[in-house]
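Engineer: what's the 3D shape of this:
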Amino acid sequence: MAVAQHSIGYYLDAARALATHVAAATDRIDREREIPPELAGELADKGFFRLLVPRSLGGAELDFLDYLRIVQIFSEADASVAWCINQNNVFATTSARMPEQTAREIWSDRRAVVSNGPPISSARAVPVDGGYRLTGRWNFSSGIRHATWVAALAPVSRSDRDVNAAADRDSVRTLLMPKDDVRLVDVWQVSGLRGTGSFSFEADDLFVPGSRTYGPSDGASEDGALYVMPTGLMFASGFATVALGVARGSLDAAIDLAGRKAAVSGRGMLRDDATTQRQIGKAEAIWGASKAFLHESTSSAWAGALKNHSLTVEERVRLRLAGTHAIRMAADVVDIAYSVCGSNSIFAANPIQRRFQDIHVITQQVQGRLAHYDTAGQFFLGLKPEGTF
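Structural biologist: The predicted model follows:
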C-alpha cells in the first residue's frame, strides 16, 4: 500500500485551513447532527481520520503530542468535529491489533472510518463454523454517519447451541463489519455534541467471519510507541484536549464581547468592570494550569512509551488524573465565560451558547467521571488504585 508521507507542518497547516470551513458550518453540523458529507470527505481525503494509523497501512502514525495539537485546532472551531476526529483516530490504533488482512481491507479505502460504541448487556457473539453470529445493540457510536465500518465489542457465548446461555464476560471479542451490514438507530436527541451523530447500531444474528475479529489479548503487529499507549488514556487526553479547546473558544468569545458590550452601570464597556476583570483573570488561570498539567502528564507518558515501550503505573495514573481534571476545569471556564456574557449567553447567535451545551455533555462522558479522582487519590495515598488507568 502506498504511504503518503506528510510532515507535521502539512497537517497543522491543513488543519488550520479546514478549521475555518468547520467554523463556518457549525450551525449546519449542529442542526443536521453530523459532519456534512462534503466536509467529512475533505477531512478524510487530507488524512485526518488516519493520523494514528500505522504507516504500513497508509497512515500518518504521528507523534502523539503532535496529534493533540491538531485536535486542539479543530476543537476551538467545533467540539463535535474534534470529538469525532479523536474518537475515530484513537480507535484506529487498533488496526495494529486486528488481523492484517482485515486491516488492509478497511484502510485500503482512503475514506475509511471505523465507528464503535459500548454494547448493551444482552449483546453476544455465538461461535459458529468460520466465525460468530452477532446479536445486540451498541450505543454512543460517534461519527457513525460518516463511518464506513463499525466495530462491536461483545462477550462470547459459552455455547454455540444455546443462544440464551449466559455469556462469559471474561471472553470478549471485537467484531468488525461494513456499516451497511448493521441497522442504525437514531437515539441522538441531545443538548450538546449533536454534530457527533452518535447513533446506536444493531445486529440480529449477523454472521461475522472469524478473520474480522480480535481479542483483548491479541498483541500489536506494530512496534511503534503509539501501539503501547493504553487506548483508554489516549481517548482521555484527546477528549480533554477537546474540552480545553471548547473552553478556549468560550473564553475568547467572552473577551471579545466584553470589549463591545456596555456595562450595566452605564460607565464604559463590560471589560472596564472590576468583576469582569477578576472573572476573566481567574478563568485564564484555570485554563492555563489545566492545560499545563495535561501537557506535562501526556508528555511524560509519551516519553515512557518512546523510551521504555511501556508506561509506569504513576505515568498512567497521572495521565488519567490530568485528563479528568482538564475536562472538569474546562467546564468551570466555560461557566465563567457564560456568566460574563450575561443575557447574551442564552441566544444561539452567541457561539458560547453551543459551547456551554457541548462542554456539559463532555463532562458526562466516561473520561470526565469524578471517580477518576478517587483512583488518583488511592495511588497517592499508597493504596492500590482501582478503576481504569
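
Engineer: okay but residue 138 is in contact with residue 199, surely?
Structural biologist: No - between residue 138 and residue 199 no contact is recorded; they are 9.8 Å apart, counting by C-beta atoms under 8 Å. From N, CA and C alone the C-beta is placed, and that goes for glycine too.

Engineer: quick one: which of those two has more around it?
Structural biologist: residue 138 (25 against 22; other C-beta atoms under 10 Å).

Engineer: burial measure for the residue nearest to the more buried one when sequence neighbours are not counted, as a count.
Structural biologist: Leaving out its chain neighbours, the residue that sits closest to residue 138 by C-beta to C-beta, 6 or more residues apart in numbering is residue 117, at 4.3 Å. Counted with other C-beta under 10 Å, the neighbours of residue 117 add up to 21.

Engineer: Tell me the spacing between residue 117 and residue 199.
Structural biologist: 9 Å (C-beta to C-beta, to the nearest Å).

Engineer: any residues in contact with both of these two?
Structural biologist: Listed as contacting both residue 117 and residue 199 by C-beta atoms under 8 Å, 6 or more residues apart in numbering are 141, 144.

Engineer: Can you show me the strands along the stretch 101-250 of the chain?
Structural biologist: Applying DSSP state E, counting those that start in this stretch to the stretch 101-250 of the chain gives strands spanning 114-117, 124-128, 131-138, 149-157, 167-178, 183-185, 200-209, 213-214.

Engineer: For the stretch 151-300 of the chain, which segments count as helices?
Structural biologist: 231-258, 274-308 (DSSP state H, counting those that start in this stretch).

Engineer: Now do the longest one against helix 231-258, angle only.
Structural biologist: Here helix 274-308 points in a direction 150 degrees away from that of helix 231-258 (axes from the mean of the first three to the mean of the last three C-alpha atoms, to 10 degrees).

Engineer: Show me the shaky parts of this structure.
Structural biologist: 1-5, 158-170 (pLDDT under 70).

Engineer: Any idea how many residues pack against residue 113?
Structural biologist: 27.

Engineer: what's the closest non-adjacent residue to it?
Structural biologist: With C-beta to C-beta, 6+ apart, the residue lying closest to residue 113 is residue 147, at 4.4 Å.

Engineer: Now do the contacts for the one you found.
Structural biologist: Applying C-beta under 8 Å, 6+ apart, the residues near residue 147 are 88, 113, 114, 115, 141, 179.

Engineer: could I get the helices of the stretch 151-300 of the chain as JSON lines with distance to residue 54?
Structural biologist: Output for those, formatted as JSON lines (distance: least, C-beta to C-beta, whole Å):
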{"stretch": "helix 231-258", "distance to residue 54": "15"}
{"stretch": "helix 274-308", "distance to residue 54": "15"}
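
Engineer: Tabulate these (CSV), appending mean neighbour count and distance to residue 317.
Structural biologist: CSV is the format used below for the helices of the stretch 151-300 of the chain (neighbours: other C-beta atoms under 10 Å; distance: least, C-beta to C-beta, whole Å):
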stretch, mean neighbour count, distance to residue 317
helix 231-258, 24, 10
helix 274-308, 17, 9
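
Engineer: can you state the direction angle for the helix or strand harbouring residue 14 and helix 231-258?
Structural biologist: For residue 14, the host element (DSSP states H and E) is helix 8-24. Orientation of helix 8-24 against helix 231-258 (the same axes, to 10 degrees) gives an angle of 60 degrees.

Engineer: Now helix 8-24: buried residues?
Structural biologist: 11, 14, 15, 18, 19, 22, 23 (16 or more other C-beta atoms under 10 Å).

Engineer: Check those against residue 104 and report the nearest one.
Structural biologist: residue 11 (23.1 Å; C-beta to C-beta).

Engineer: residues touching that closest one, list them.
Structural biologist: Residue 11 touches 47, 48, 51, 60, 62, 66, 70, counting by C-beta under 8 Å, 6+ apart.

Engineer: Of the residues you listed, which belong to helices?
Structural biologist: 66, 70 (DSSP state H).

Engineer: Quick one, which of the contacts of residue 11 are buried?
Structural biologist: 47, 48, 51, 60, 62, 70.

Engineer: To residue 7, which of the strands of the stretch 101-250 of the chain lies closest?
Structural biologist: That would be strand 114-117 among the strands of the stretch 101-250 of the chain, by C-beta to C-beta, at 25.7 Å.

Engineer: Provide the strand pairings for the closest one, with the direction of each partner.
Structural biologist: Paired with strand 114-117 in the same sheet, following DSSP bridges, are strand 149-157 (parallel).

Engineer: what does the partner strand rub up against?
Structural biologist: 91, 94, 106, 112-116, 118-119, 123-127, 132, 134, 136, 138, 141, 144, 163, 165, 167-169, 171-179, 181-182, 201, 203.

Engineer: Show me just the buried residues among those residues.
Structural biologist: Counted by 16+ other C-beta under 10 Å, the contacts of strand 149-157 give 91, 94, 106, 112-116, 119, 123-127, 132, 134, 136, 138, 141, 144, 167, 172-177, 179, 182, 201, 203 as buried.

Engineer: related to what we said a few turns ago, can you put the contacts of residue 11 in CSV and add distance to residue 330?
Structural biologist: Formatted as CSV, these follow (distance: C-beta to C-beta, whole Å):
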residue, distance to residue 330
47, 27
48, 23
51, 22
60, 27
62, 23
66, 21
70, 18
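
Engineer: And the contacts of residue 11, which is closest to residue 345?
Structural biologist: Closest to residue 345, out of all of the contacts of residue 11 and judged by C-beta to C-beta, is residue 70, at 29.1 Å.

Engineer: so how far is residue 126 from that closest one?
Structural biologist: Taken as C-beta to C-beta, the span from residue 70 to residue 126 is 41 Å.

Engineer: Mark out where each domain of the protein begins and ends.
Structural biologist: The chain breaks down by automatic domain parsing into domains covering 8-107, 114-214, 228-380.

Engineer: what about those domains, which gets the closest to residue 220?
Structural biologist: Comparing the domains of the chain by C-beta to C-beta, domain 8-107 comes nearest, at 4.3 Å.
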